[in-house]
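**Student:** structural data only, the sequence is not supplied:
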């Protein structure tokens, strides 16, 4: 009995420690105090409106109001990079997962380890390594370098999710399709892809979230002409925690929760009907 109480107390304390800072961000984005966000001065939604230049009612009292143009430019940069990275990672990660699941070759285990290394490498180490590579190769730092850098480790995430989907797939469906005379491309399009599609979409959504939220690696390889949204927020925090930061963080948190929930739902959907189920 005592053990259950201790376990329950520990679990409660753990979740409070984990989620209380997030709750505080959501609460204090409503604070109307433009100087000290920890002093409650009533609720307002003007910080959201001021972010997009829709309200100037708080401008006279605020110490710093970031440029709406800079904010929107950083958002466009992050969205462009995230969409390009997601497309590259989804295609490359899916094809890699299919190749390693369907073919056996020498050093297969070693190749799998190499695919997991980008996920296990600390972000700061990977960021420095990519910076040295881009400078040494003469690749200018900007959106292209960010896309390449994000793809190096996000391919591994897509590969992991699609591989898990392939592990639960009934390969006899592919064999039956080949026995009936279907070409490899038709088998992939009509049999394989529909079964792994939830995993592909789930991996792509996860890659999109990570690319949008990444700060450390992006900070090293972004350059001066491509400021991503996390780097922009980091620059705002260095000049003090302001209500606009809480508003941006709340929007990012909401978007991440929606995308993550959709990705988990698609990833956990049951595969297509197997041969045993169809005969039943």
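**Tutor:** Now that the structure is in, tell me what you want to look at. No experiment lies behind these values; they were computed from the predicted model shown.

**Student:** give me the neighbour count for residue 233.
**Tutor:** 19 (other Cβ atoms under 10 Å). Yep, even glycine has a C-beta here, placed from its N, CA and C like the rest.

**Student:** same thing with residue 94?
**Tutor:** For residue 94, the count of nearby residues is 25 (other Cβ under 10 Å).

**Student:** wait, it sits on residue 201?
**Tutor:** No: the pair residue 94 / residue 201 is not scored as a contact, 10.4 Å apart, by Cβ atoms under 8 Å.

**Student:** please name the residues that touch residue 155.
**Tutor:** 88-89, 92-93, 96, 115, 118 (Cβ atoms under 8 Å, 6 or more residues apart in numbering).

**Student:** mind running it again at 6 Å?
**Tutor:** Counting by Cβ atoms under 6 Å, 6 or more residues apart in numbering, residue 155 makes contact with 89, 92-93.

**Student:** among the residues you listed, which are in helices?
**Tutor:** Among those, the members found in helices (DSSP state H) are 89, 92-93.

**Student:** out of these, who's nearest residue 4?
**Tutor:** Of all these, the one with the least separation from residue 4 (Cβ to Cβ) is residue 93, at 42.4 Å.

**Student:** what is the neighbour count of the closest residue to residue 167 other than its chain neighbours?
**Tutor:** Setting aside the residues directly before and after it, residue 167 is nearest to residue 101 in space (Cβ to Cβ, 6 or more residues apart in numbering), at 7.6 Å. Around residue 101 there are 16 other residues, counting by other Cβ under 10 Å.

**Student:** let me see the backbone angles for residue 101.
**Tutor:** Phi and psi for residue 101, reported as degrees, to the nearest 10, are phi -80, psi -30.

**Student:** state the distance from it to residue 30.
**Tutor:** Distance of residue 101 to residue 30, computed by Cβ to Cβ, to the nearest Å: 49 Å.

**Student:** any weak-confidence spans in the stretch 51-200 of the chain?
**Tutor:** For the stretch 51-200 of the chain, the stretches with pLDDT under 70 are 51-68.
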